[in-house]
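Just a sequence and a predicted model for now, questions to come.
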Amino acid sequence: MAIYVDENTKVAVSGLTGKEGRFHALRNRAYGTQVVAGVTPGKGGQDVEGIPVFDTIAEAVRETGANTSLVFVPPRFATDACYEAADAGVDLIVCITEGIPVHDEAPLYAYLQYRGVPMIGPNCPGVLTPGVANVGIMPTEIASPGRVGLVSRSGTLTYQVVHELTQKGLGQSTCVGIGGDPFIGQFHIDVVRRFNDDPGTDAIVMIGEIGGDEEERCAEFIAAHVSKPVFGYIAGFEAPPGKKMGHAGAIISGSKGTAQAKAAALEAAGVEVGRNPSEVAELAAARL
Amino acid sequence: MAIYVDENTKVAVSGLTGKEGRFHALRNRAYGTQVVAGVTPGKGGQDVEGIPVFDTIAEAVRETGANTSLVFVPPRFATDACYEAADAGVDLIVCITEGIPVHDEAPLYAYLQYRGVPMIGPNCPGVLTPGVANVGIMPTEIASPGRVGLVSRSGTLTYQVVHELTQKGLGQSTCVGIGGDPFIGQFHIDVVRRFNDDPGTDAIVMIGEIGGDEEERCAEFIAAHVSKPVFGYIAGFEAPPGKKMGHAGAIISGSKGTAQAKAAALEAAGVEVGRNPSEVAELAAARL
Amino acid sequence: MDLLEYQGKQLLVEAGVPASAGEAANTVDEAVAAAERIGYPVAIKAQVQVGGRGKAGGIKVADSAETAREYADAILGMDIKGHLVTRVWLEPAADISAEFYASFTIDRSAKQYLGMVSAQGGVDIEEVAASNPDAIAKVHVDPLLGFQPYHATNLVHRGGIPAEHRRGVADVLTRMYAAFESLDAELLEVNPLIVTSTGDVVALDAKVTLDENAEFRQSLDRFREIFATDPQERMAKEKGLNYIKLSGDVGIIGNGAGLVMSTLDVVAQAGGKAANFLDVGGGASAELIANSLEVVSSDPEVKAILINIFGGITRGEEVANGIVAALDKVDIPQPVVVRLDGTNAAEGRQILADNPKPNLHAAATMLEAAAEAVRLARGE
Amino acid sequence: MDLLEYQGKQLLVEAGVPASAGEAANTVDEAVAAAERIGYPVAIKAQVQVGGRGKAGGIKVADSAETAREYADAILGMDIKGHLVTRVWLEPAADISAEFYASFTIDRSAKQYLGMVSAQGGVDIEEVAASNPDAIAKVHVDPLLGFQPYHATNLVHRGGIPAEHRRGVADVLTRMYAAFESLDAELLEVNPLIVTSTGDVVALDAKVTLDENAEFRQSLDRFREIFATDPQERMAKEKGLNYIKLSGDVGIIGNGAGLVMSTLDVVAQAGGKAANFLDVGGGASAELIANSLEVVSSDPEVKAILINIFGGITRGEEVANGIVAALDKVDIPQPVVVRLDGTNAAEGRQILADNPKPNLHAAATMLEAAAEAVRLARGE
């Protein structure tokens, strides 16, 4: 069992004919993921090492049964690919693209919420269900199949914790890198909810960072709804305070968003919080 | 029992200080409806015969507990009032205003669908639950409390049928005039669903017209889901064919939309269809 | 409000959509002068609000002043499907390397905007829709989101536009959608959308319908011309009435489209036939009622008039006052049957009772009113 | 990208938001010349990317060339909260009849745009938010729907704007939102938004933050100035590195903001303190790694450098090549501890092993690397 991606996942890659898209899509396929289509307008009819390319996602979905859109296109075209995927009826969008303007992400977020289409990212490493499917850019050699679910905003920090878990003998049900942008499609709370409902997941590791209030909200959700053990780690105790020029941000957030506040909120919700990536893995290993 | 409006309905009237708004809101109140607030930007603090006026709907909701927005403002400002009402958290919007541009109605329709806020209208006579509450411009003297639910696109045709029902001794649970514009908030199917679920309604009278395919869709819904007796009437057998200049409309609709096709669809769904307003009331009276 | 081809194209150009330029002419001499200014070959196109002009001989290409005069003379005054040609449009004869179809309209059923594109343009698109529906690509556009690049990509690829023209057509589609929104258009149809030999994508024809409800932010008056040839329809348009001529002998006046349609039906059920559709709308004033009576009674086919009013916003006393005023002011030769119910109906009936006229008949119900009007129309 | 007051106001004016006009000056003579052109009284305002300029003496009103010279001389070169004043802005001293607060920004928590208005402008708005939160009206705006008249109505009424100024402020709010969108702004804050004695509503100050991700459609180069006084921060900005100076002695280079933050934390847990934050981002090239090493090692406070890379898009061999190149090219006096994992980490470790350097230390884990770097920084 797993969340978001599993053996039924059929991926259509927007930007398959680009350098990054090709590199990672072929890696994803080599890992066993069903990469069934590429999408590049004007290149319909071509193929990339046997993966057929279509002009539109709608055609890719109709012709190949693709149910997941993996987006590698450059920032200025990325949200357009996500809108197209949502209209084409996929069940999940994974948008790897980094550097999308926030004024493009904000309306996309609203549209996907309204349409009920979940998106991982943008600016994320994707989703890896070890041994089953990798949709994105996560290095797979550090992961191993198992029953710990992992969710994180940060890319490399995700890898670090997955690595530590694997080294301590704790395999993963699914590893989800939700991305670091202000308007990502799925937040900690959405992923934790799915792990809690997933029979293949016994425990949850949640990695957070300074900024925003998502970890605090997730802590409230955990306290109220999550029965499985949750282990947490927050990065940024030593981080310099963010330089913000105007006052509007401070009015909105008040004093929230520090690593201290986030760690305290998680502990108050019954989450065991480690001080570093190794420690959170040790806490999980000791309990499981 | 009733649908949309009942003894718990608390109405905030946008445009209360205008001529039409004032006339009908006071009539609504005289009928027993709880008309708790008016909304006119810049006139906050005033009152209309004891009904307090606020600058914004949000204030009206907070101060008076209004849960229904009744919109009487002129076409160029009407959709703005509807957006405001949706954001202010009302449970129902009734928009009487006629003559709103379709390019204003279309995005409003999408927004309300996304936000899950039901709207009756625009360009409609409103909702009347006889003996309990009248939210809109329907003449009340023709209605009587009872157990027949009525839904219609047309204003005056609604009155005609209500009148016929009352004269034949059939009171109404609720009379709903959904309006005749392309992007009305609630369609026949939405209202019929509510009547079917309403313990206060024993039978449904559905009035349609030529154009569109709402009646046909509603017929499918009735065949599949409605257990209560439904009586129908379609106007426009003798109507001249609509003059449409372009071909786009014809490509979309095919040959649908005639009174013959609609009446046939309803009959195929088990609906007893009358040939005129009197006959549909007679059919209902004979059966009930 | 339906626009003529050339009006639509002028609006498109103002809104940034490339369309062929030219001149309008109302007389043969004007047409020839315009042709001389434009040069030859020149297309002379009948301006009527109906399709199938080409087949009817309403579009000709002239290569000299002589042929321009000959064709303009033939086309002006021509009757195309009941539309009298009173104006022609002249433009340089197009140099066409490909013809496509493109439109934006409102899909009432899906409750979204609909864009359509086909590589099979320049022909009867309804026939294409019937015989080869896959040749027409359709894309729904969420009005909140607006037309995005992926909509254009989907339309040009699925509509079969050849690779070399996709970018040009996608650009024109984006401009068409912007025009569809900014003009408050209900329909914006271009058939054919041509590619010239130099590769430009241009609207060669345009069917544009504007939303009259948007008049407060659009200047529509410049298009407000009366093309009706029927005298009652002309009079009704001049008075701003919502009137459609039909073929029967019972004149109909009612309030609300639904009730008026229902009135036509019950007249038919009573064995008669309506002479017209006339909806006075909500909140009709006495003056509007009087104007309506004047228009309907001026039709020599009308043998009896049925007024069917169920008041909501419309108030009974206003209707009654209008009827009385009209009967006082104008000579209404036909019998008039009045049925009045709803808001202030009692007051209205009282006014009618207080102002008896020999040709004024009151009826208690809609069915009785219809039966009475049909009977009177037969002279019974 | 944070703009200076005057840059923000110039952008606002371009986008249709009224803001006070004036001239920038980098020297006292330039300032006096500008003051003479503008006339007196003239406001001379320090241009620094930090709040509280007024209290710090960074804003003065001069009424003659003499006082203009005196004030410009005092302000230029002033240090305001660590920001050196190298430029002043001169504008006609405002004629203020009321001061409000208005802003648009992104509410990450609500995932919508947020507009805020208060009649209590011209003061420390964070203090108002703390002491009297109801004095600040907030309205969320759905990015798909955009800013509608009702948003403006709600802001001006609930923000307490006096009746006579509501229409003017609502109009400016609508323009501000349009600018917020068209400029790809993350923040657009005007405090004070003033009403002049003639009733005009004008932005007297502006804090504008632009989204550097939107560079492909915005011209941001004109604002790309380096204000940092710290030499490493200057060097890092020149090389386009994401570097922040801190106060410790362990130089940090890592990939990904999360991993770098975590690295700072584990260095602290190992008893040390980071000298900087430096994130090389995803897919870092050998050159970027070499540049990073150069910047970090140039800091005289740095006693040891920790490179912590976990490859995803970033590939181990690129990182290793960059380290080798930097150590070959530049003289790096400090010991360098390298920890490499993830994509192509084995290849990267091999490259490092094949190019041994006396000051290059490999570590197997992040915690070991941190401990080693702290130990080396102490000279142990």
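Good, I have the coordinates.

and C:R37, that one's in a helix?
Yes: applying DSSP: H, G, I helix; E, B strand; the rest coil, one finds C:R37 inside a helix.

in the sheet, who's paired with the closest residue to it other than its chain neighbours?
Leaving aside its chain neighbours, C:R37 sits nearest to C:E23 (7.0 Å; criterion: Cβ to Cβ, 6 or more residues apart in numbering or on different chains). Every residue, glycine included, has its C-beta placed from N, CA and C. As for beta bridges, C:E23 partners with C:L90 under DSSP bridges.

May I ask you to confirm that C:E23 is in contact with C:G39?
No: using Cβ atoms under 8 Å, C:E23 makes no contact with C:G39, being 11.8 Å away.

Who has more neighbours out of the two?
Shown here are C:E23 and C:G39; by other Cβ atoms under 10 Å in any protein chain shown, C:E23 has more neighbours (17 against 9).

domains of chain C?
Segmentation of chain C into domains, based on automatic domain parsing, reads C:21-92, C:96-223, C:230-377.

Next, format those as CSV and append distance to D:A163 and mean pLDDT.
Formatted as CSV, the domains of chain C follow (distance: least, Cβ to Cβ, whole Å; pLDDT from 0 to 100):
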stretch, distance to D:A163, mean pLDDT
domain C:21-92, 50, 93
domain C:96-223, 26, 95
domain C:230-377, 32, 91
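
that older thread, any figure for the gap between the residue nearest to C:R37 and chain A?
40 Å (Cβ to the nearest Cβ, to the nearest Å).

same check, this time on C:Q47
Noted for C:Q47: a distance of 39 Å to chain A, by Cβ to the nearest Cβ.

Now do the contacts for the residue in the stretch 101-250 of chain A positioned nearest to chain C.
The nearest approach of the stretch 101-250 of chain A to chain C comes at A:Y111, 6.0 Å away (Cβ to the nearest Cβ). A:Y111 makes contact with A:Y83, A:A86, C:D142, C:L144, C:L145, D:L144, according to Cβ atoms under 8 Å, 6 or more residues apart in numbering or on different chains.

How about the residues of the stretch 101-250 of chain A by chain C?
Proximity of the stretch 101-250 of chain A to chain C (Cβ under 8 Å from any Cβ of the partner chain) is limited to residues A:P107, A:Y111.

Look at A:G146 and give its secondary structure.
Three-state assignment for A:G146 (three-state DSSP): strand.

Nearest spatial neighbour of it, chain-adjacent residues omitted?
A:G171 is the one closest to A:G146 (Cβ to Cβ, 6+ apart), at 1.8 Å.

returning to that earlier point: show the pLDDT at the residue of the stretch 101-250 of chain A closest to chain C.
We have a pLDDT of 97 for A:Y111.

do you know how far it is from A:R62?
22 Å (Cβ to Cβ, to the nearest Å).

cool, and A:P122?
According to Cβ to Cβ, A:P122 stands 26 Å off from A:R62.

which of these two has more neighbours?
Using other Cβ under 10 Å, the more surrounded residue of A:P122 and A:R62 is A:P122, with 28 against 13.

So what does that one have for phi and psi?
Reported as degrees, to the nearest 10, the phi and psi values for A:P122 are phi -70, psi 180.

For it, which non-adjacent residue is spatially closest?
In space, A:P122 is closest to A:C95, 4.1 Å off (Cβ to Cβ, 6+ apart).

residue ranges for the helices of the chain, please.
No chain was given, so I picked chain A. Using DSSP state H, the helices of chain A run over A:19-30, A:57-64, A:75-88, A:102-115, A:155-167, A:188-197, A:214-225, A:248-253, A:259-268, A:277-287.

please go with chain C instead
Going by DSSP H, chain C shows helices at C:5-14, C:28-38, C:65-75, C:125-131, C:149-158, C:163-182, C:231-238, C:257-269, C:286-297, C:316-329, C:345-354, C:366-377.

now the ones you listed as CSV including mean neighbour count?
Below are the helices of chain C laid out as CSV (neighbours: other Cβ atoms under 10 Å in any protein chain shown):
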stretch, mean neighbour count
helix C:5-14, 22
helix C:28-38, 19
helix C:65-75, 19
helix C:125-131, 16
helix C:149-158, 24
helix C:163-182, 19
helix C:231-238, 18
helix C:257-269, 26
helix C:286-297, 22
helix C:316-329, 21
helix C:345-354, 17
helix C:366-377, 23
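
for those helices, which one sits closest to D:S103?
Across the helices of chain C, D:S103 has its closest neighbour in helix C:163-182 (29.4 Å, Cβ to Cβ).

Please report the distance of the residue of chain C at minimum distance from chain B from B:R153.
Across chain C, the shortest distance to chain B (Cβ to the nearest Cβ) belongs to C:G258, at 2.3 Å. As judged by Cβ to Cβ, C:G258 and B:R153 stand 7 Å apart.

Just give the nearest non-adjacent residue to A:G249, would you?
For A:G249, the spatially nearest residue (Cβ to Cβ, 6+ apart) is D:T105, at 6.4 Å.

neighbours around that neighbour, how many?
Other residues close to D:T105 by other Cβ under 10 Å number 24.

do C:Y101 as well
Neighbour count for C:Y101, taken as other Cβ under 10 Å: 27.

same deal with A:V230?
A:V230: 25 surrounding residues under other Cβ under 10 Å.

quick one: contacts for it?
Contacts of A:V230 (Cβ under 8 Å, 6+ apart): A:V192, A:A203, A:I204, A:V205, A:M206, A:I222, A:L266, A:A269, A:G270, A:V271, A:E272.

Kindly state the pLDDT recorded for it?
The model reports A:V230 with a pLDDT of 98.

do A:T68 as well
pLDDT for A:T68: 98.

what bridges to it?
The partner residues for A:T68, given DSSP bridges, come to A:V11, A:L92.

List the contacts of whatever residue of chain C ends up closest to chain D.
Using Cβ to the nearest Cβ, the closest approach of chain C to chain D is made by C:L144 at 4.4 Å. Contacts for C:L144 (Cβ under 8 Å, 6+ apart) come out as A:Y111, B:P107, B:A110, B:Y111, B:Y114, D:L144, D:L145.

ok, so of those, who is nearest C:L210?
B:P107 (18.2 Å).

Contact partners for the closest one?
B:T79, C:P143, C:L144, D:L145.

Tell me the spacing between it and chain A.
12 Å.

again with C:N344
Taking Cβ to the nearest Cβ, one finds C:N344 at 45 Å from chain A.

That residue reaches C:G311, doesn't it?
Yes: in this structure, C:N344 is within contact of C:G311 by Cβ under 8 Å, at 6.2 Å.

and the two? which has more neighbours close in?
Between C:N344 and C:G311, counted using other Cβ under 10 Å, the more crowded position is C:G311 (26 against 19).

Quickly list what that one is bridged to.
Beta bridges link C:G311 to C:G342, judged by DSSP bridges.
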